[in-house]
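Asker: give me a 3D structure for the following:
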Amino acid sequence: MEWQDDAYVLSSRAFGETGAIVELLTETHGRYAAHVAGAASRRMKPYLQPGARVLAAYRSRTSDNLGSAQLEPVGEGPAALFDDPMALAGLSAAAAVAQGALPERQPHPGAFAGFEALTASFALDEIWPAVFVRFEAGLLEELGFGLDFSRCAATGVVDDLIYVSPKSGRAVSRAAGAPYHERMLALPPFLLSSQGGLAEGDVAAGFALTGHFLEQFVFGPLNRPLPPARVWLIDKLHAAGRL
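Answerer: Residues are numbered from 1 along each chain as shown. Below is the predicted model of the structure:
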């Protein structure tokens with residue numbers, strides 16, 4: 001079994017004296033683990049960091065076995081963010097969420113495209129946390145748990161949507177949700193439209209929203225908590241006053 005594909009490194013752990021088991025998010029093959037020989041070398045370490053873009057050449061004797069991969073770096077990758085610890089934390093958190101949520105060896109090109117868009121946004125300091133929330137919403141949709149913000153779940157109206165039902169993931173209007181507002185999740189405007197703008201508290205509401213459904217639909221059924229890297233990122237954004 002052989003293939004070549006564009007990929008992002010999601011994680012890397014040492015294996016043997018000089019090798020590593022590397023988790024990849026590939027464009028057309030989904031999430032794949034592979035053994036990478038010589039991964040401990042000074043030359044290879046920089047592009048085995050979470051979020052590094054690589055060209056992967058994968059080879060395995062059978063489709064069921066753990067194969068090996070040769071990786072070639074594409075672009076600067078995480079090195080471009082070394083002067084921005086917050087963006088680096090965001091990149092690591094996104095890699096951890098993708099690794100934990102996506103099933104192995106199932107194609108999810110939408111997840112790859114979303115991750116690619118998120119990595120490009122880290123150059124835009126003011127907006128990437130909101131793009132991160134959009135990435136998580138897209139990941140839910142890619143996995144079959146898409147949130148529906150098109151109209152009110154109770155009345156069908158398309159205006160003044162400010163809540164989301166924590167059970168169904170569908171939007172609810174201000175009027176319909178008012179009697180139950182304490183139980184509702186807030187729907188920040190930037191998830192309704194790219195022109196929605198960002199107000200104080202919107203990013204925090206977005207993270208709470210996607211985190212709730214990632215936990216309910218993805219990580220909970222797998223008996224896993226949300227990735228610690230995601231929790232740490234939100235703590236850092238909160239401390240920096242960016243939520």
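
Asker: and the strand or helix carrying Gly211, average pLDDT?
Answerer: Element membership for Gly211 (DSSP states H and E) is helix 202-213. When pLDDT is averaged over helix 202-213, the result is 98.

Asker: name the helix or strand of this protein that has the lowest mean pLDDT.
Answerer: The helix or strand of the chain with the lowest confidence, counting by mean pLDDT, DSSP states H and E, is strand 67-73 at a mean of 93.

Asker: in that one, what counts as buried?
Answerer: Within strand 67-73, the residues that count as buried by 16 or more other CB atoms under 10 Å are Gly67, Ala69, Leu71, Pro73. Where C-beta positions appear, they are placed from N, C-alpha and C, glycine not excepted.

Asker: how far does it sit from the chain's center?
Answerer: Chain-centre distance of strand 67-73: 22 Å, with CA atoms, centre = their mean, to the nearest Å.

Asker: which helices and strands sit right next to it?
Answerer: Here strand 67-73 touches strand 19-26, strand 30-36, strand 53-59, going by 3 or more CB pairs under 8 Å, 6 or more residues apart in numbering; DSSP states H and E.

Asker: circling back to that earlier point, got a list of contacts for the helix holding Gly211?
Answerer: 129-130, 132-133, 136-137, 140, 145, 147, 164, 166, 169, 185-191, 226, 230, 234, 237-238, 242-243 (CB atoms under 8 Å, 6 or more residues apart in numbering).

Asker: so which elements touch the helix ranked longest in the chain?
Answerer: The longest helix of the chain (DSSP state H) is helix 85-101. Using 3+ CB pairs under 8 Å, 6+ apart, the elements in contact with helix 85-101 are strand 2-15, strand 19-26, helix 109-121, helix 128-142, helix 228-239.

Asker: in CSV: these, plus mean neighbour count, mean pLDDT and distance to Leu214.
Answerer: Shown next, in CSV, are those (neighbours: other CB atoms under 10 Å; pLDDT from 0 to 100; distance: least, CB to CB, whole Å):
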stretch, mean neighbour count, mean pLDDT, distance to Leu214
strand 2-15, 18, 95, 16
strand 19-26, 22, 96, 16
helix 109-121, 19, 97, 13
helix 128-142, 22, 97, 6
helix 228-239, 16, 97, 9
